[in-house]
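Asks: Pasting the sequence and the predicted coordinates here, then a few questions.
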Amino acid sequence: MFAIPGQSPVTVTPAASKQIAKLMAKGDAFGLKVGVKKGGCAGMEYTMDYVAEAEPNDEVIEAGDGARVIIAPMAQMFLFGTEIDYETSLLESGFRFRNPNVTEACGCGESIKFDETLGQPG
């Protein structure tokens, strides 16, 4: 799956937009930066940080409710097609990533593995 020019790499549900906007207001942040890094038991894990500004090549997504999601260029190919949601249950609340590029996830739910062809030339 590859990025299509003019198409957002991720979608953000209304519940996630509302939570991101709420947290942005508390910290006076420009937006929520989402990425991936090596780590975790499955090989990769998501990163989320509130940032004061976007970098020049970041993808900035206006998600509604005043929420902004920023995707670093390196992470765009791994996140393309992902839906970011916010769920609340009796035991926990948090952001959930529904990512079609994930081929494996560990039991903790925070570590993921991507299709090995992502990021490979060809």
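Replies: Okay, I see it. Residues are numbered from 1 along each chain as shown.
Asks: residue contacts, the most centrally placed residue in the chain?
Replies: Taking Cα atoms, centre = their mean, the centroid of the chain lies closest to residue 34, which sits 4.2 Å from it. Contacts for residue 34 (Cβ atoms under 8 Å, 6 or more residues apart in numbering) come out as 10, 46, 47, 48, 69, 70, 71, 75, 79, 84. Using the backbone N, CA and C atoms, a C-beta is placed for each residue, glycine as well.
Asks: tell me how far whichever strand or helix holds residue 33 is from the chain's mean position?
Replies: Using DSSP states H and E, residue 33 maps to strand 31-38. Centroid separation for strand 31-38 versus its chain: 6 Å, with Cα atoms, centre = their mean, to the nearest Å.
Asks: Check which helices and strands the helix or strand following it sits against.
Replies: Under the assignment DSSP H and E, the closest C-terminal helix or strand after strand 31-38 is strand 44-51. Contacts defined by 3 or more Cβ pairs under 8 Å, 6 or more residues apart in numbering; DSSP states H and E place strand 44-51 against helix 14-27, strand 31-38, strand 111-114.
Asks: Now do strand 44-51 against helix 14-27, angle only.
Replies: 50 degrees (axes from the mean of the first three to the mean of the last three Cα atoms, to 10 degrees).
Asks: Sheet-wise, list the partners of strand 44-51 with their directions.
Replies: strand 31-38 (antiparallel), strand 111-114 (antiparallel) (DSSP bridges).
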